[in-house]
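Chemist: Here is my input, please return the structure:
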Amino acid sequence: MTHIRNVKKEDLADLLVLENGCFLKEEAATEEAFRKRIESIPDSFFVAEVDGEIAGLINGPVIDTAYITDDLFHEIKENPLSGGHQSVLGLAVSLKYQKRGIAGALLAHLEKDAKEKHRETITLTCKQDLVGFYEKHEYHNQGISNSQHGGITWYNMVKSLQ
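Modeler: Okay, here's the model as predicted:
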C-alpha cells in the first residue's frame, strides 16, 4: 500500500538516488537544490512510500506566476500560507514502482493540499512525451515553455483549481 507524507531531512540520500534514476544529469535536482527544498518548502514536498521504501516524490514551491521560470531551480523561498500557484519542479517514481498509479497519487495528494490552501493553479513543465500523461490528469498544454532548464524543450502544463 502507498503512503504519502511530507519530506524529512533524513530522506535526502534516498531522494537523490530516485531523482538521478529518473532524470538525466542536466535535468535532475542537485543535492544542494534538494537540501534547500527540504528546508524551505517541506509543506509542498511529498514522498510516496511502499512498505517503508521511498517509491516516489513530488515537490515545488508556490510561485506568483502561472508558469515556472528557471530561477526556481536555484532560488527557493518559503511558501505563502494561501494563494499563489503551486509549481511542480519534480515528480519522479522509482523504476521498480512505475505503472502502479504512484505518480497519479502524488499529483492528487498535491492537488488536495493546494486546494486546501486556496492555490489558483498547479503548474509544471514536462517533455513532449509526458504531455498526454498530464492531460489525463486534467492539465492543459499551454505550449512550449520559456524554460531552458537542461537545454531541453519543455511544455507548460497548467491545472486550474478555481
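Chemist: Pull out the buried residues from the longest helix along the chain.
Modeler: Ranked by residue count and defined by DSSP state H, the top helix of the chain is helix 102-116. For helix 102-116, the buried set under the neighbour-count rule, 16 or more other Cβ atoms under 10 Å, comprises 102-103, 105-107, 109-111, 113-114. C-beta: built from backbone N, CA, C; applies to glycine.
Chemist: Next: stretch 28-47.
Modeler: Buried-residue list, stretch 28-47, by 16+ other Cβ under 10 Å: 28-29, 33-34, 36-38, 40-42, 44-47.
Chemist: Quick one: mark the members of those residues that sit in helices.
Modeler: Short answer: the buried residues of stretch 28-47 in helices (DSSP H) are 33-34, 36-38, 40.
Chemist: Can you tell me how far residue 60 is from residue 7?
Modeler: 12 Å (Cβ to Cβ, to the nearest Å).
Chemist: Identify the residues contacting the longest helix of the chain?
Modeler: With contact meaning Cβ atoms under 8 Å, 6 or more residues apart in numbering, helix 102-116 is reached by 2, 4, 43-44, 46, 48, 50, 55-58, 86, 88, 91, 93, 122, 133, 137, 159, 161.
Chemist: sorry, back to before: find the pair from the buried residues of stretch 28-47 with maximum spatial separation.
Modeler: Longest distance between any two of these is 19.9 Å, between 28 and 42; criterion Cβ to Cβ.
Chemist: And the helices in this protein?
Modeler: 12-22, 31-40, 102-116, 131-136.
Chemist: Much appreciated, bye for now.
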